[in-house]
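> I would like to see how this sequence folds:
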Amino acid sequence: MEKMIPFEKLSKKEQRKRNAAKRGSWGAVSPVTRKPDNPKAYNRRKARNWTREAHDPISSFCFMLRALCLL
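Numbers count the residues shown, from 1 in each chain. Purely as a prediction, here's the structure:
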């Protein structure tokens, strides 16, 4: 039969073992706190995509084609 030893008097290694055994897993739940992006904040990714679209020759050709069809 084992003697009852207070947790504080256990070795650090044994304390870590017991703490790890008590901990469970989160399973499919992610414990990270998330919040929506601020729509007023500057977004580099969005700005970069806008410049790509402006310099795309195919999209500018389609724009010109549509403009000619409306006339």
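
> any low-confidence regions in this protein?
Along the chain, the model assigns pLDDT under 70 to residues 49-65, 67, 69-71.

> could I get the CA-only coordinates of stretch 25-36 as CSV?
Provided in CSV are the C-alpha atoms of stretch 25-36 (Å, rounded to 0.1, in the frame of the first residue of the first chain):
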residue,chain,number,x,y,z
SER,A,25,-8.3,16.8,-24.7
TRP,A,26,-10.6,19.4,-26.4
GLY,A,27,-11.5,16.9,-29.0
ALA,A,28,-13.0,18.6,-32.1
VAL,A,29,-13.4,21.9,-30.3
SER,A,30,-10.7,24.5,-30.9
PRO,A,31,-10.0,26.6,-27.8
VAL,A,32,-8.7,29.6,-29.8
THR,A,33,-10.7,32.7,-29.4
ARG,A,34,-11.8,34.1,-32.8
LYS,A,35,-13.4,37.4,-33.8
PRO,A,36,-14.5,38.8,-37.2
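
> mind listing what's buried along it?
Of the residues in stretch 25-36, none count as buried by neighbour count, 16 or more other C-beta atoms under 10 Å. C-beta coordinates here come from the backbone N, C-alpha and C atoms, glycine included.

> return the distance of that stretch from the chain's centre.
Offset of stretch 25-36 from its chain centre (C-alpha atoms, centre = their mean, to the nearest Å): 10 Å.

> ok, now stretch 4-19?
Its chain's C-alpha centre and that of stretch 4-19 lie 36 Å apart, by C-alpha atoms, centre = their mean.

> and residue 26, how close does it get to residue 32?
Distance from residue 26 to residue 32, counting by C-beta to C-beta, to the nearest Å: 10 Å.

> no, scratch that, I was asking about residue 15
From residue 15 across to residue 32, the span is 27 Å (C-beta to C-beta).

> ok, residue 43 next?
According to C-beta to C-beta, residue 43 stands 21 Å off from residue 32.
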